[in-house]
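Peer 1: Kindly generate the corresponding structure for this input.
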Amino acid sequence: MLADILVGWSFPAGMIGSLLIAAAAHEFYVMSRGAGASPFTLLGVIATVLAFNLPWVQMQFPLLMAVMGPWCHVGLLAALAIVAFIGVGLRFGKSTPNAVADVAVTIFGAFYVGVLASYVVSIHSVFNFGPKLVLFFVAVSKAADIGGYLTGKLIGRHKLSPTISPNKTIEGSAGGMVLSLIVAFLLTPLLPWALSLPWTIAFAVLVNVASQFGDLAESMLKRGCGVKDSAVILPKVCGALDLIDSILISAPVAFYLIAMKLATTQTG
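Peer 2: Here you go, the predicted structure:
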């Protein structure tokens, strides 16, 4: 019941998730201006929110699934590309030396934030007991951040990637891995089927690695754009993109691990 209240795809949860994704996309587009791009921010934010909610829309409208199949996201990004190219052409009186970059960044933002985050909605919508699976995944993923931060502050000495993220340490990375494993085992009773020890370990390890890579990926993007803080609404506090960066990369990993687990359970 608690998991359903926390992450059930009710109207309030869907609105909160969409607002968070919209804020993260807006932060990405603002940040990209530091690299010289001029993306279509409003268009990109709308496409990002649509991409995020697309798995749920497909479940509610089976005809869309029948017509588009698994290519809905591709169709959405293709439409975004067409509109963005039209937008470049309509920028009257302005030179467009970065036209390719403007369109590319607009499309990439919708993919990076919207499509990747939509795997969280897929976990919720596609599988039985989806809310519990979302809670399980998010807890394991965020444990990587929390464990890494706390361990790095306490005993961090050796830099993990000084050129990308100087504050991250090898000790912090190891601490995040340990906490992800602990959380995975503690939350195992949430799930509707018995988990084998190898699968639980593999899930925690792979989701943790993907989460840490997601955090480093955002740091790399920020450095490439010449900014230290991606937050726009609450600078120097916590940005929406900072909040979900680890989830963006780890959500597809979690989705396919769960799908493979259920497939082997049903055929076994």
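Peer 1: remind me which residues of the stretch 1-150 of the chain are low pLDDT?
Peer 2: Residue ranges of the stretch 1-150 of the chain with pLDDT under 70: 1-13, 62-71, 91-97.
Peer 1: need the next SSE after the helix or strand hosting residue 216, C-terminal direction.
Peer 2: Here residue 216, judged by DSSP states H and E, is contained in helix 197-225. Heading C-terminal from helix 197-225, the first helix or strand you meet, by DSSP H and E, is helix 240-267.
Peer 1: What are the buried residues along that next one?
Peer 2: Using 16 or more other Cβ atoms under 10 Å as the test for burial, helix 240-267 gives 240-242, 244-255, 257-258, 261-262. C-beta: built from backbone N, CA, C; applies to glycine.
Peer 1: the inter-axis angle of it versus helix 197-225?
Peer 2: Going by axes from the mean of the first three to the mean of the last three Cα atoms, to 10 degrees, helix 240-267 is angled at 150 degrees with respect to helix 197-225.
Peer 1: next one: stretch 107-123 to chain centre, how far?
Peer 2: Computed by Cα atoms, centre = their mean, to the nearest Å, the separation of stretch 107-123 from the middle of its chain amounts to 6 Å.
Peer 1: quick revisit: check the offset of the helix holding residue 216 from the chain's centre.
Peer 2: On the basis of Cα atoms, centre = their mean, helix 197-225 sits 11 Å off its chain's mean C-alpha point.
Peer 1: which residues touch residue 34?
Peer 2: The neighbourhood of residue 34, defined by Cβ atoms under 8 Å, 6 or more residues apart in numbering, consists of 225, 226, 227.
Peer 1: Buried ones among these?
Peer 2: Neighbour-count burial within the contacts of residue 34 applies to 225, 227; the criterion is 16+ other Cβ under 10 Å.
Peer 1: ok, back up a step: would you mark the buried spots in the helix holding residue 216?
Peer 2: 199-200, 203-204, 206-219, 221-222, 225.
Peer 1: which strands and helices sit next to that helix?
Peer 2: Contacts defined by 3 or more Cβ pairs under 8 Å, 6 or more residues apart in numbering; DSSP states H and E place helix 197-225 against helix 11-32, helix 130-155, strand 165-169, helix 170-186, helix 240-267.
Peer 1: tell me the angle of that helix relative to helix 170-186?
Peer 2: Helix 197-225 and helix 170-186 are oriented at 140 degrees to each other (the same axes, to 10 degrees).
Peer 1: mean confidence for helix 197-225?
Peer 2: Mean per-residue pLDDT for helix 197-225: 92.
Peer 1: and that helix with strand 165-169, angle?
Peer 2: On the basis of the same axes, to 10 degrees, helix 197-225 is oriented at 160 degrees to strand 165-169.
Peer 1: how much does helix 197-225 deviate in direction from helix 11-32?
Peer 2: Computed by the same axes, to 10 degrees, the angle separating helix 197-225 from helix 11-32 equals 40 degrees.
Peer 1: give me the low-pLDDT residue ranges for the stretch 151-268 of the chain?
Peer 2: Where the stretch 151-268 of the chain drops to pLDDT under 70, the residues are 194, 228-238, 266-268.
Peer 1: follow-up on the earlier one: can I get the helices and strands packed on helix 197-225 in a markdown table with distance to residue 42?
Peer 2: A markdown table is the format used below for the helices and strands packed on helix 197-225 (distance: least, Cβ to Cβ, whole Å):
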| stretch | distance to residue 42 |
| --- | --- |
| helix 11-32 | 9 |
| helix 130-155 | 29 |
| strand 165-169 | 30 |
| helix 170-186 | 36 |
| helix 240-267 | 17 |
